[in-house]
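Student: Just need the structure, nothing else, for what follows:
(chains A, B, C and D)
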There are 2 protein chains.
Amino acid sequence: MSKNCNFIEKLREVGLRPTKQRVNMCEVLFNREKTFHFTINDLVKMISEKMNQKISLATVYNTVHAFEKKGYLKEISIDSHKSYFDTNTSSHHHFFDEDTNELIDCDENDIDPVNIKKNITGKKINSVEVLIKVASDNQNQK
Amino acid sequence: MSKNCNFIEKLREVGLRPTKQRVNMCEVLFNREKTFHFTINDLVKMISEKMNQKISLATVYNTVHAFEKKGYLKEISIDSHKSYFDTNTSSHHHFFDEDTNELIDCDENDIDPVNIKKNITGKKINSVEVLIKVASDNQNQK
DNA sequence: AACTACATTATAATAATTCTAAACTATTGA
DNA sequence: TCAATAGTTTAGAATTATTATAATGTAGTT
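Tutor: Below is the predicted model of the structure:
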């Protein structure tokens, strides 16, 4: 399990103690080919399964927020009831499939760079995010 | 108060009964020069002041959602803790000032149209929204 | 091994939103 | 005009999501 060691190192690098829960969470979140989008609920289930034992909800919240603060995760808010986290923390955009409630990364080729011509005076742009909501062609939207 | 009559008509048009609460809410929301951005909490306060009496929280939620469903309001979600409503329901983009927690409409001249080159197969685009988070130039972001 | 600081946990507390059912009101049409 | 009725408002309860608490546990250091 040299991957585990990787995660232990990575956690240490950002000043997070590599506890059993955090390493397991890393396995679930980052040991994948593709970017991963999830809700807290999704994650609790997956980690419990992976660890084969309960994990405290509070721990998942704490750890997700710790990862977010350290730049391992990014929050993507769809509406007041749907908040996702994304393991891809680079600047990129999203499709949201309203039929399946699935969040999908935009590929660089999917969308041209957003051209902001005029910014608020005296302010610096911290992020630019595009959210494209899609749904089945043959049914009513929303 | 011919404005009231306007609101009464508009409510009727979309099949909402023009109750005292709804008309007052319309006054607060739509009787303005500029687009208006607000949270539910903001709104409860403003309506109570306007009516000079309490309005039930449940009514505000109900009515905001009714207005949203009928296309009078649009929800803009910043993150899981900050959800705004916008009286400008046309397709447009936003700046979000992280210093002041203020949501600001992008003018058409502020940003070029977003060019989506490749959509999810078999899906129709329902909306495209850009959110530009800004903050003071001279202090740390986030 | 033992100390210390940080993490985890179950549970309680808080906050945001929705539900409920009783009271109320706008609309309809006799 | 007035009663019937269907939709609306309300306070408060219920639900859900998230955060706080404080006791226990664990990683890192000596």
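Student: can we go C-alpha only for contacts and neighbour counts from here?
Tutor: Noted.
Student: isn't residue A:61 right next to residue A:40, touching?
Tutor: Yes: if you go by Cα atoms under 8 Å, residue A:61 and residue A:40 touch, sitting 7.2 Å apart.
Student: can you point me to the longest strand in chain A?
Tutor: Taking DSSP state E as the criterion, chain A has its longest strand at strand A:123-136.
Student: helices and strands around that one, which ones?
Tutor: strand A:94-97, strand B:123-136 (3 or more Cα pairs under 8 Å, 6 or more residues apart in numbering or on different chains; DSSP states H and E).
Student: Now the shortest one: average pLDDT?
Tutor: Taken as a whole, strand A:94-97 has a mean pLDDT of 96.
Student: next one: the longest one
Tutor: The average pLDDT within strand B:123-136 is 95.
Student: And the strands in chain A?
Tutor: A:37-38, A:74-79, A:82-86, A:94-97, A:102-105, A:123-136.
Student: quick one, which of those strands is nearest to residue B:16?
Tutor: Residue B:16 lies closest to strand A:74-79 among the strands of chain A, at 24.3 Å (Cα to Cα).
Student: Using a markdown table, lay out the helices and strands packed on strand A:123-136 together with distance to DNA strand C and mean neighbour count.
Tutor: A markdown table is the format used below for the helices and strands packed on strand A:123-136 (distance: least, Cα to the nearest atom of the strand, whole Å; neighbours: other Cα atoms under 10 Å in any protein chain shown):
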| stretch | distance to DNA strand C | mean neighbour count |
| --- | --- | --- |
| strand A:94-97 | 19 | 20 |
| strand B:123-136 | 19 | 19 |
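Student: Could you save the ones you listed as JSON lines and add columns showing distance to residue B:78?
Tutor: Listed next are the helices and strands packed on strand A:123-136 as JSON lines, based on distance: least, Cα to Cα, whole Å:
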{"stretch": "strand A:94-97", "distance to residue B:78": "15"}
{"stretch": "strand B:123-136", "distance to residue B:78": "8"}
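Student: Distance to DNA strand D for these - can I get that in JSON lines?
Tutor: Formatted as JSON lines, the helices and strands packed on strand A:123-136 follow (distance: least, Cα to the nearest atom of the strand, whole Å):
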{"stretch": "strand A:94-97", "distance to DNA strand D": "18"}
{"stretch": "strand B:123-136", "distance to DNA strand D": "20"}
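Student: quick one: the spatially most central residue of chain A from residue A:30, how far?
Tutor: With the centre of chain A defined as its mean C-alpha position, the nearest residue by Cα atoms, centre = their mean is residue A:86, 1.4 Å away. Separation of residue A:86 from residue A:30 (Cα to Cα, to the nearest Å): 10 Å.
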